[in-house]
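Chemist: Below are the sequence and a predicted model for it; my questions follow.
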Amino acid sequence: MGRLRLKFAFSPPLSNFSQNEFFMHKFLIALLILTTKFSFAQNANNLLLKNYKPVSIYKTPTANITKAAFPIIDMHSHDYVETQQEIDDWVKRMDKLNIQKITILTYSTGNGFDSAVEKYSHYPTRFTLWCGFDYAGYENPGWQKHAVEELERCYKKGARGVGELGDKGEGELYSKPTPGRGLHIDDPQMKPLLEKCAELHMPISIHVAEDEWMYENVDSTNDGLMNAATWHVDMNKPNKLGHDALIKSLENAVRDNPKTIFIACHLANTCSNLKMLGDLLDKYPNLYADIAARYGEIAPIPRYAAAFITKYQDRLVYGTDMGVDEKMYLTTFRILESTDEHFYDQDMFSYHWALYGLDLPKEVLEKLYHKNAEKIMSYK
Ligand SMILES: [Zn+2]
């Protein structure tokens, strides 16, 4: 732009031009605009990271996976659709892709949970509904009595687990309609609920913290910048728990409630340091983790991620948490099953990283896809 302004600043008035000079002048301006535009398109210095959409040019073999290698139980999905027609279409897609069953984490109690049960009632063998916790009146002592009664009522209505609970530092805010502000999962007040879950054999699916990128400064050194900017966790709030403190709160609850099954959502948000989750899985047999919505984080480290999943093959479950599109499911299969290298899926993941297939062994895939979920669902 600077060059353009300079050119105009030094242009003499048109009235002094001959006709030839006038056309030559117009021609030069047109040429200048064209070359300026061309140099912008080619100038990497002006490219914003959010506009960086690389296209892999590698000519390497690619798998064409059209359905999952084994029947799938998706342990982390939500009530994404509105109409009966959309549910019918979802089930048709499930049949095509080899998805046997989907867990709808409703977050809800009360009317919200009841209407979700009603909504999916045409397919009782294809959808399992999990409820939230009811924190109504939690400012007052003894609130748990009502919360436990509501949990039992939801169980009788068909709830077979609890979730997705979620704590990003300010308490369990995912449950609807009343969030548990300030209540972390290891709060002694939560104990009656966690024990009731064990009694009813209802596993608890819980999201704690966010991955480490979201706590780092949003600057040029942030390895996961674009996603980190979207999901940045603001730690400038009093009494807010940070990443490690939240993982610790989960550990405390898992340790102190050995009869309750916990599923840490999104690999416990420890993708940049999976050993943190591995250490917990080593210590606590009542802890599992889902891999939902962390495909973009594990696909850039395929060898380490595959070794981790193989090591903890009895404790990890498949999940999506990314809508209902066929392409979404196929991308998860491609990442878990294929040996494809250096591909992108910028529609699904806002990182700018290339992805690699994990090439998981068949027996590991089978556990991840459905066997571990079956074990969790039928635990006594
Ligand atoms: Zn979720």
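Modeler: Looks like it arrived, so ask away.
Chemist: what residues does the protein put near the ion?
Modeler: By C-beta under 5 Å from the ion, the residues of the chain that approach the ion are 164, 321. In this view, the C-beta of every residue, glycine as well, is placed from N, C-alpha and C.
Chemist: Which single residue of the chain ends up nearest the ion?
Modeler: Asp321 (4.0 Å; C-beta to the ion).
Chemist: so where does the residue nearest the centre of the chain fall, helix or strand?
Modeler: For the chain, the residue nearest the mean C-alpha position is Ala293 (2.8 Å; C-alpha atoms, centre = their mean). Ala293 belongs to no helix or strand when assigned by DSSP states H and E.
Chemist: For Lys96, see how far away it is.
Modeler: Applying C-beta to C-beta, to the nearest Å, the value for Ala293 to Lys96 is 22 Å.
Chemist: do Ile263 as well
Modeler: Ile263 is 27 Å from Lys96, by C-beta to C-beta.
Chemist: Neighbour count: the two, which is higher?
Modeler: Ile263 (30 against 12; other C-beta atoms under 10 Å).
Chemist: who does that one bridge with?
Modeler: For Ile263, the beta-bridge partners under DSSP bridges are Ser205, Tyr288.
Chemist: so who does it touch?
Modeler: 75, 163, 203-206, 288-290, 317, 376 (C-beta atoms under 8 Å, 6 or more residues apart in numbering).
Chemist: how about those in JSON lines, adding pLDDT?
Modeler: Below are the contacts of Ile263 laid out as JSON lines (pLDDT from 0 to 100):
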{"residue": "Met75", "pLDDT": "98"}
{"residue": "Gly163", "pLDDT": "96"}
{"residue": "Pro203", "pLDDT": "98"}
{"residue": "Ile204", "pLDDT": "98"}
{"residue": "Ser205", "pLDDT": "98"}
{"residue": "Ile206", "pLDDT": "98"}
{"residue": "Tyr288", "pLDDT": "98"}
{"residue": "Ala289", "pLDDT": "98"}
{"residue": "Asp290", "pLDDT": "98"}
{"residue": "Val317", "pLDDT": "98"}
{"residue": "Ile376", "pLDDT": "96"}
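Chemist: Can you tell me which of these has the most neighbours?
Modeler: Met75 (33 neighbours).
Chemist: doesn't it fall inside a strand?
Modeler: Yes: under DSSP: H, G, I helix; E, B strand; the rest coil, Met75 sits within a strand.
Chemist: for it, what are its contacts?
Modeler: 103, 205, 263, 290, 292, 317-319, 373, 376.
Chemist: Out of the residues you listed, list just those in helices.
Modeler: Members of the contacts of Met75 lying in helices (criterion: DSSP state H): 373, 376.
Chemist: need the contact list for the residue nearest to Pro300 when sequence neighbours are not counted.
Modeler: Leaving out its chain neighbours, the residue that sits closest to Pro300 by C-beta to C-beta, 6 or more residues apart in numbering is Trp353, at 4.5 Å. With contact set as C-beta under 8 Å, 6+ apart, Trp353 has these partners: 224, 296, 299-300.
Chemist: do the same with Leu358
Modeler: Here Leu358 is in contact with 298-299, 302, 305-306, 309, 335-337 (C-beta under 8 Å, 6+ apart).
Chemist: let's see 10 Å
Modeler: Neighbour list for Leu358: 295, 298-299, 301-310, 334-340, 364-365 [criterion: C-beta atoms under 10 Å, 6 or more residues apart in numbering].
Chemist: so which strand or helix has Leu330?
Modeler: Going by DSSP H and E, Leu330 is in helix 326-337.
Chemist: Lys145 too?
Modeler: Assigned by DSSP H and E, Lys145 falls in helix 144-157.
Chemist: Residues contacting that helix, please?
Modeler: Contact with helix 144-157 is made by 106, 108-110, 113-114, 116-118, 129-138, 140, 159-162, 175, 178, 180, 189-193, 195-197, 199-202, as judged by C-beta under 10 Å, 6+ apart.
Chemist: Just after it, pick out the following helix or strand.
Modeler: strand 162-167.
Chemist: After that following strand, which helix or strand is next?
Modeler: strand 171-172.
Chemist: Just list what that next one packs against, helices and strands only.
Modeler: Helices and strands touching strand 171-172, by 3 or more C-beta pairs under 10 Å, 6 or more residues apart in numbering; DSSP states H and E, are strand 180-181, strand 204-208.
Chemist: Can you show me the helices along the stretch 51-200 of the chain?
Modeler: Counting by DSSP state H, counting those that start in this stretch, one finds helices in the stretch 51-200 of the chain at the ranges 84-97, 110-119, 144-157, 191-199.
Chemist: any idea of the angle the shortest one forms with helix 144-157?
Modeler: This points to helix 191-199. Relative orientation of helix 191-199 versus helix 144-157 (axes from the mean of the first three to the mean of the last three C-alpha atoms, to 10 degrees): 20 degrees.
Chemist: can you check the second one too?
Modeler: For the pair helix 110-119 and helix 144-157, the angle between their directions (the same axes, to 10 degrees) equals 10 degrees.
Chemist: what's helix 110-119 in contact with?
Modeler: Against helix 110-119 from outside (C-beta under 10 Å, 6+ apart): 78-79, 81-84, 87, 104, 106-108, 124, 127, 129-132, 134, 136, 150, 153-154, 157-159, 175-178.
Chemist: What of the shortest one?
Modeler: Helix 191-199 is contacted by residues 133-135, 143-145, 147-152, 155, 161-162, 165, 180, 183, 185-186, 202-204, 253-254, 256-262, 286, 379 when judged by C-beta under 10 Å, 6+ apart.
Chemist: what angle sits between that helix and strand 204-208?
Modeler: Using the same axes, to 10 degrees, helix 191-199 lies at 130 degrees relative to strand 204-208.
Chemist: As CSV, the helices of the stretch 51-200 of the chain with mean pLDDT would be great.
Modeler: Formatted as CSV, those follow (pLDDT from 0 to 100):
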stretch, mean pLDDT
helix 84-97, 98
helix 110-119, 98
helix 144-157, 98
helix 191-199, 98
